[in-house]
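# whatever this is, show me its structure:
(2 chains)
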Amino acid sequence: MCLAIPGKIVAEELRNGLRIGRVQFSGIVRETSLDFVPEAEVGDYVMVHVGFAISKVDAEEAERTYELLEEMGALEGELPPA
Amino acid sequence: MKYIDEYRDARIARGLAKAIANCARHNWVLMEICGGQTHTIMRYGLDELLPRQIELVHGPGCPVCVTPLETIDRAIALALRPEVILVSYGDMLRVPGSDLDLFRAKARGADVRIVYSPTEAVTIARANPDRKVVFLAIGFETTAPANAMAAWQARREGLTNFSMLVSHVLVPPAMRALLTSTQNRVQGLIAPGHVCTVMGYQEYEALVRDFALPVVVGGFEPVDLLEAILMLVKQLEQHEARLENQYVRSVSCQGNLPAQRIMQEVFEIADQKWRGIGPIARSGLRLRPEFAAYDANQVFDLELIVADEPAECISAQVLQGLKKPTDCPVFAMRCTPENPLGAPMVSAEGACAAYYHYRRHTRAS
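You can find the predicted model right below:
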């Protein structure tokens, strides 16, 4: 139930006063409400839960933490076995 | 897929598992609250990657599992009325009620429809003005803004044939109840990343302070969870208790303010019964009086239902992290996802279903 998956906003429109995005997840594109993420724009990634974007993925934070994790992976071969 | 694949990288996962093994000097019991996280742990065998000092116990974060039996019975009673279209998330259909489940009600002719998003329930109401559409609005804080939006939209459009049967639960009061229990063994907590995406994580400061307990907000991919576990173990080994955020790409301290605003406009905090756990003060949400016209409990004249769980189901202890699904004498025998005795065997997030799908062949003897 609490699953949310990242997708990329490829288009958006206003419909009945609500902001609807077309969000791409791998091969499929779904309509998603963007009302909770006013800061998100076409090209951004958002986390989507039951048809609503609940956050804009923080690309900078993701990049920064991933670099740290990458180092963890690179160390993997050098660490003594657990 | 960006932001998924890199967090499933086996090399990084092994690196994290080794770092955990190098760090863990003592035995620690950690709980992941969210059932989505439980499934990742089982699916990728993360518990088996961890050193034996680290025990993971599974929390109550499965909304389908903790929705009270009385609510399921009420949903079934409504669904069986000829004028009603009962709209639900798919996971709810096989959850056992006292006599039957929504799936069997559907087989008996009830008009039960599955939706992916609550806005579809509003669309169904708009398209069926001669029927009464009831949306079974369940969930944690993650889902509350979307469900709130359905009521808000229905009111804005002036729909008179739409209502919601609400069973909404909140994580922090439930965690406080579990941690206060004399049976509690949990020493570190992985807070649910998507609940915190909506709510932020300030509410968890009080748990850290009152229970001297490290809490790390964690994501849902294997690398996320291993990193959260490493952060907890580091704190525990250094006798620290702090609140940290592993899931920085989605979670901010204050959370999603527009989502919180719609939640507060539509819902108010209320006492709530949790299936398997019992009543917990101020641990749920109900519709505000301004939305009474959209509250199925008030729109329909429903009998008071009192229901009992099957005696042999141990889901109460499973949901509180006191027992593992494999401790249950009927696990994978008389209780399976096709014929569940308890809700945790049904849901895609239930701990029993996770063990059934990924562990039933390696059941401990």
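
# Three-state assignment for residue 36, please.
Looking at chain A here, since you left the chain open. Following DSSP: H, G, I helix; E, B strand; the rest coil, A:Phe36 is assigned to coil.

# for it, grab phi and psi.
phi -90, psi 0 (degrees, to the nearest 10).

# does it touch A:Ala53 like I think?
Yes - using C-beta atoms under 8 Å as the test, A:Phe36 is close enough to A:Ala53 to be in contact (6.1 Å). The C-beta positions use only the backbone N, C-alpha and C, and glycine is treated the same way.

# hey, where'd the strands end up in the chain?
No chain in the question, so chain A it is. A:5-15, A:18-25, A:28-33, A:45-49, A:52-56 (DSSP state E).

# my question was about chain B, not that one.
According to DSSP E, the strands that chain B contains are B:28-34, B:54-61, B:84-89, B:111-115, B:132-139, B:162-169, B:188-192, B:215-218, B:243-245, B:267-274, B:278-287.

# could I get these as TSV with mean pLDDT?
Output for the strands of chain B, formatted as TSV (pLDDT from 0 to 100):
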stretch	mean pLDDT
strand B:28-34	97
strand B:54-61	95
strand B:84-89	97
strand B:111-115	98
strand B:132-139	98
strand B:162-169	98
strand B:188-192	98
strand B:215-218	98
strand B:243-245	98
strand B:267-274	96
strand B:278-287	96
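
# just put these in TSV and tack on mean neighbour count and distance to B:Val208.
TSV is the format used below for these (neighbours: other C-beta atoms under 10 Å in any protein chain shown; distance: least, C-beta to C-beta, whole Å):
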stretch	mean neighbour count	distance to B:Val208
strand B:28-34	25	14
strand B:54-61	24	16
strand B:84-89	24	32
strand B:111-115	19	37
strand B:132-139	26	25
strand B:162-169	27	21
strand B:188-192	28	9
strand B:215-218	28	5
strand B:243-245	21	5
strand B:267-274	18	21
strand B:278-287	18	19
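
# CSV for these, including distance to chain A?
Below are the strands of chain B laid out as CSV (distance: least, C-beta to the nearest C-beta, whole Å):
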stretch, distance to chain A
strand B:28-34, 6
strand B:54-61, 7
strand B:84-89, 7
strand B:111-115, 9
strand B:132-139, 6
strand B:162-169, 11
strand B:188-192, 6
strand B:215-218, 12
strand B:243-245, 10
strand B:267-274, 14
strand B:278-287, 15
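
# low pLDDT regions in chain B?
B:362-365 (pLDDT under 70).

# could you rerun that using 90?
B:1-2, B:91, B:275-278, B:302-313, B:315-316, B:319-320, B:338-339, B:341-343, B:346-349, B:359-365 (pLDDT under 90).

# mind giving me the domain ranges of it?
For chain B, automatic domain parsing gives the domain ranges B:5-61+B:183-245, B:65-170+B:255-299, B:315-362.

# run a quick check on B:Arg275 versus B:Val346, I expect a contact.
No - the criterion here is C-beta under 8 Å, and B:Arg275 misses it with B:Val346 at 11.4 Å.

# so for B:Arg359, which of the strands of chain A sits nearest?
strand A:5-15 (24.5 Å; C-beta to C-beta).

# what's the closest one in contact with?
Residues external to strand A:5-15 that are found in contact with it (C-beta atoms under 8 Å, 6 or more residues apart in numbering or on different chains): A:19-25, A:29-30, A:32, A:34, A:40-48, A:53, A:57, B:1-4.

# how close does the closest residue to chain A within chain B sit to B:Cys34?
As assessed by C-beta to the nearest C-beta, chain A sits closest to B:Ser117 within chain B, at 2.8 Å. Separation of B:Ser117 from B:Cys34 (C-beta to C-beta, to the nearest Å): 20 Å.

# can you say which of the contacts of strand A:5-15 are buried?
A:19-24, A:32, A:34, A:40, A:44-48, A:53, A:57, B:3 (16 or more other C-beta atoms under 10 Å in any protein chain shown).
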